[in-house]
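>>> Need a 3D model of the sequence below.
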Amino acid sequence: QAIDDDCNQTGQLLAAMLDWPQGTFASRVQLEDGAVRVEREVDGGLETLRLRLPAVLTADLRLNEPRYATLPNIMKAKKKPLEVIPAADLGVQGGSPRLKVLQVQEPPARAAGEKVENVAALVEKLRQSGRI
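Residues are numbered from 1 along each chain as shown. Alright, predicted model coming up:
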């Protein structure tokens, strides 16, 4: 899932790069012998696709029912130790980081908004500020 704008391009772009078949917005998935059957909702109802494997699938909200964490389990998870495994221990060759954070700072505070009486006053304010 793309973290910036969630515009549904990740699955389609990945399928194009790999030259694999794609099934987008899957609401039901069934594995078959060397293939997958994908059911998806379209404007006119349901569409069923049969794709050879390997394939790229993207999920619809109706694919699974989420399990919600209970408060006791959340509290237990907070107490669990977090094990950090170096990449070299996993057989991943790591080099020096390619990104270096130089500075982090808050953006400047925005000026407060201003109410105007009517459209004419708004247009005049915009002209005075050089916006139009």
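>>> Read off the pLDDT value for residue 2.
Per-residue pLDDT puts residue 2 at 63.
>>> Could you give the number of residues near residue 24?
16 (other C-beta atoms under 10 Å). Using the backbone N, CA and C atoms, a C-beta is placed for each residue, glycine as well.
>>> how about the strands in this protein?
Per DSSP state E, the chain carries strands over the ranges 22-32, 35-42, 45-52, 56-59.
>>> May I see the buried residues of the first one?
For strand 22-32, the neighbour count (16 or more other C-beta atoms under 10 Å) marks 22-26 as buried.
>>> residues contacting residue 82?
If a contact means C-beta atoms under 8 Å, 6 or more residues apart in numbering, then residue 82 has no contacts.
>>> correction: residue 52
21, 34-35.
>>> from those, which is closest to residue 116?
Closest approach between these and residue 116, by C-beta to C-beta: residue 21, at 56.0 Å.
>>> which residues does residue 69 contact?
Counting by C-beta under 8 Å, 6+ apart, residue 69 touches residue 77.
>>> so what pLDDT did it get?
92.
>>> so how far is residue 82 from it?
In this view, residue 69 and residue 82 are 17 Å apart by C-beta to C-beta, to the nearest Å.
>>> before we move on, what about residue 132?
Using C-beta to C-beta, residue 132 is found at 54 Å from residue 82.
>>> Just the closest of the buried residues of strand 22-32 to residue 87, please.
Closest approach to residue 87 among the buried residues of strand 22-32 (C-beta to C-beta): residue 22, at 30.7 Å.
>>> Now do the contacts for the residue lying closest to the closest one once chain neighbours are set aside.
Leaving aside its chain neighbours, residue 22 sits nearest to residue 15 (3.7 Å; criterion: C-beta to C-beta, 6 or more residues apart in numbering). By C-beta under 8 Å, 6+ apart, residue 15 lies in contact with 21-22, 55-56.
>>> ok, now residue 41?
Going by C-beta under 8 Å, 6+ apart, the list of residues near residue 41 reads 25, 27, 47, 60, 62.
>>> partners of it in the sheet?
Beta-bridge partners for residue 41, by DSSP bridges, are residue 46.
>>> What separation do you get for the residue nearest to residue 38 when sequence neighbours are not counted and residue 47?
The spatial neighbour of residue 38 that comes closest, neighbours along the chain excluded (C-beta to C-beta, 6+ apart), is residue 23 at 3.6 Å. Distance from residue 23 to residue 47, counting by C-beta to C-beta: 10 Å.
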